[in-house]
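Student: starting from these lines, generate the structure:
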Amino acid sequence: MNFQQLRIIRETIRQDFNLTLASEALHTSQSGVSKHIRDLEDELGVQLFIRKGKRLLGLTDAGGALAAIVERMLLDAQNLRQLAADFNQVDEGELTIATTHTQARYVLPQIVARFKQDFPKVHLILQQASPTEIVEMLLKGEADIGIATESLTTEEELCSIPYYQWQHSVIVPQDHPLARQTSITLDELAKWPIITYHGGFTGRSKIDETFKKAGLQPDIVLSALDADVIKTYVELGIGVGIIASIAFDPIKDRRLCQLEVDLFGQNTTWVAVRRGHLLRGFGYRFVELCSPSLDLVRLRQAAHIDEA
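Tutor: The predicted model follows:
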């Protein structure tokens, strides 16, 4: 038994038992993947996969039990490398942050700048993705830290801690009738065409839920993944925008008017790591830079490390 066999088992499962995709992901041949699987089955004396001819259809009971152990062994091996690197190269390495456009554009710039000052030799990778993609990246070990509002708290394999709270605000062109109002109700807002986030992004579920509870059906004429696009089309007069308050800059967005409203409740952005995944020391420092009040003890415990 060797780690290459274990990696092949894991990747085959991840690729929905497609040996072609598994071999491409591991940069090896399909015949090599098949041989490694057969060799491991022969060594263990059990069949791990359900087969139909040369195709793999799923896992046997033994394969299902083995899959969890394989995942844990590969994660432990990665943690060993991380731990050794922390002793040998304290301030060198790579840190991958998976986050949404809103966080990357409006929340993280100053944090990233400070982090690079403290750790100039660390290669920082900022991966922008949807919340569901961020979860997948964390679970697959493709990202060290995930930052998003949705999805992170629904996955048991992730340890999520609250980062900060925020609200939505309404934006309109400076000459829009709503710009002259000091307050706005949900009924008034629903009378206008609306531009806001795509489903699953930046608190969109809260917006939909609020209108639904009020018995209103807003006319959402356009949805986008990020606030910059929303602001562009609001400025063109296509609709009234609903964006995260943090995404509005009074100087850069001077052609627009921001209406602070308390209609959609509080949203919480979360920081998450995969349970059992050991962060390098500079990874915990990045989280600390996000907010000194974040519960680093919980994150360390999630990696099975005692807080010294």
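Student: neighbours of residue 39, how many?
Tutor: 14 (other C-beta atoms under 10 Å). To be clear about C-beta, it is placed using only N, CA and C from the backbone, and glycine gets the same treatment.
Student: I'd guessed it sits against residue 2; true?
Tutor: No: the pair residue 39 and residue 2 fails to qualify as a contact (C-beta atoms under 8 Å) at a distance of 9.3 Å.
Student: and residue 222, backbone torsions?
Tutor: Main-chain torsions, residue 222, degrees, to the nearest 10: phi -160, psi 140.
Student: and the gap between it and residue 104?
Tutor: Distance of residue 222 to residue 104, given as C-beta to C-beta, to the nearest Å: 22 Å.
Student: okay, those two: which has more neighbours?
Tutor: More crowded of residue 222 and residue 104, by other C-beta under 10 Å: residue 104, with 19 against 16.
Student: part of a strand, is residue 123?
Tutor: Yes: under DSSP: H, G, I helix; E, B strand; the rest coil, residue 123 sits within a strand.
Student: what is it paired to in the beta sheet?
Tutor: Note on residue 123: beta-bridge partners by DSSP bridges are residue 94.
Student: that one and residue 96 touch, don't they?
Tutor: No: counting by C-beta under 8 Å, residue 123 does not reach residue 96; the two are 9.1 Å apart.
Student: those two: which has the busier surroundings?
Tutor: When residue 123 and residue 96 are compared for neighbours, residue 96 comes out ahead with 18 against 10, by other C-beta under 10 Å.
Student: list the contacts of that one.
Tutor: For residue 96, the contacting residues are 125, 127, 137, 142-145, by C-beta atoms under 8 Å, 6 or more residues apart in numbering.
Student: neighbours of residue 150, how many?
Tutor: 23.
Student: backbone dihedrals for it, please?
Tutor: Here residue 150 shows phi and psi, under degrees, to the nearest 10, equal to phi -100, psi 160.
Student: which ones are touching it?
Tutor: Counted by C-beta under 8 Å, 6+ apart, residue 150 has contacts 131-132, 200-201, 203, 205.
Student: please report how far it lies from residue 98.
Tutor: Counting by C-beta to C-beta, the gap from residue 150 to residue 98 is 13 Å.
Student: for the contacts of residue 150, which single residue is the most surrounded?
Tutor: So for those (other C-beta under 10 Å), the most neighbours sit at residue 203, 25 neighbours.
Student: list the residues that contact it.
Tutor: 149-150, 168, 197, 244, 264, 267.
Student: hmm, try it at 10 Å
Tutor: 102, 149-150, 166-168, 196-197, 209, 242-244, 264-269 (C-beta atoms under 10 Å, 6 or more residues apart in numbering).
Student: thought residue 65 was touching residue 44?
Tutor: No: with contacts counted by C-beta atoms under 10 Å, residue 65 stays clear of residue 44, the gap being 11.0 Å.
Student: nearest residue to residue 56 in space, please, no chain neighbours.
Tutor: residue 17 (3.9 Å; C-beta to C-beta, 6 or more residues apart in numbering).
Student: for stretch 181-193, buried residues please.
Tutor: 184, 189-190, 192 (16 or more other C-beta atoms under 10 Å).
Student: neighbouring contacts of that stretch?
Tutor: 170, 172, 176-178, 210-211, 213-222, 237-240, 242, 259-264.
Student: inside strands: which ones of the residues you listed?
Tutor: Among the contacts of stretch 181-193, the ones falling in strands (DSSP state E) are 170, 172, 220-222, 240, 242, 259-260.
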